[in-house]
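Asks: Show me the folded form of this:
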Amino acid sequence: MTNDGDAPGFEFPCAYEIKAMGVDDGTFHEVVIEIVRRHCTDIREDGIRQRASRGGKYVSVSIVIEASSRAQLDAIYADLTAHDKVLMRL
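Replies: The predicted model follows:
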């Protein structure tokens with residue numbers, strides 16, 4: 001394992017959860033998975049979770065990845081932020 005100087009407290013590679021929220025239009029989870037897959041091809045199905053909001057209008061999608069660097073995480077979050085369906089990312 002190597003410690004990435006730009007990410008204090010993280011040692012890469014490491015398990016890391018990406019989370020995005022948007023309107024539950026029936027395809028939001030596919031959008032988030034496709035964005036994350038651009039940067040991390042090895043996503044396990046058991047590492048993907050969806051959760052609808054109390055009223056059912058919104059959905060959150062969480063994906064656990066094996067993060068290789070801070071630059072990889074920054075690129076994922078930049079792509080999520082740029083997509084018009086993503087209302088929030090954590």
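Asks: helix or strand right after the longest helix seen in the chain?
Replies: Looking across the chain with DSSP state H, the single longest helix is helix 70-82. Next in sequence after helix 70-82, counting helices and strands by DSSP states H and E, comes strand 86-89.
Asks: what pairs with that next one, and is each one parallel or antiparallel?
Replies: strand 14-23 (antiparallel) (DSSP bridges).
Asks: tell me which residues of the strand it pairs with are tucked away?
Replies: Applying a neighbour-count criterion of 16 or more other CB atoms under 10 Å, one finds 16, 18-22 buried in strand 14-23. For the C-beta atoms, the positions are set from N, CA and C on the backbone; glycine is no exception.
Asks: Show the average pLDDT along it.
Replies: What strand 14-23 shows for mean pLDDT is 96.
Asks: okay, which residue is most central for the chain?
Replies: With distances taken as CA atoms, centre = their mean, residue 18 lies nearest the centre of the chain, 2.9 Å away.
Asks: pull the helix or strand with minimum mean pLDDT from the protein.
Replies: Ranked by mean pLDDT, DSSP states H and E, the helix or strand of the chain with the weakest confidence is strand 2-3, at a mean of 44.
Asks: what residues are up against the residue nearest to residue 38 when sequence neighbours are not counted?
Replies: What sits nearest to residue 38 in space, not counting adjacent residues and going by CB to CB, 6 or more residues apart in numbering, is residue 79, at 6.5 Å. Residues in contact with residue 79, defined by CB atoms under 8 Å, 6 or more residues apart in numbering, are 35, 38-39.
Asks: pLDDT weak spots in the chain?
Replies: Within the chain, the ranges that satisfy pLDDT under 70 run 1-8.
Asks: Against residue 30, how distant is the residue sitting furthest away from the middle of it?
Replies: Each residue of the chain has a distance to the centre, and by CA atoms, centre = their mean the biggest one is for residue 55: 22.9 Å. Distance from residue 55 to residue 30, counting by CB to CB, to the nearest Å: 22 Å.
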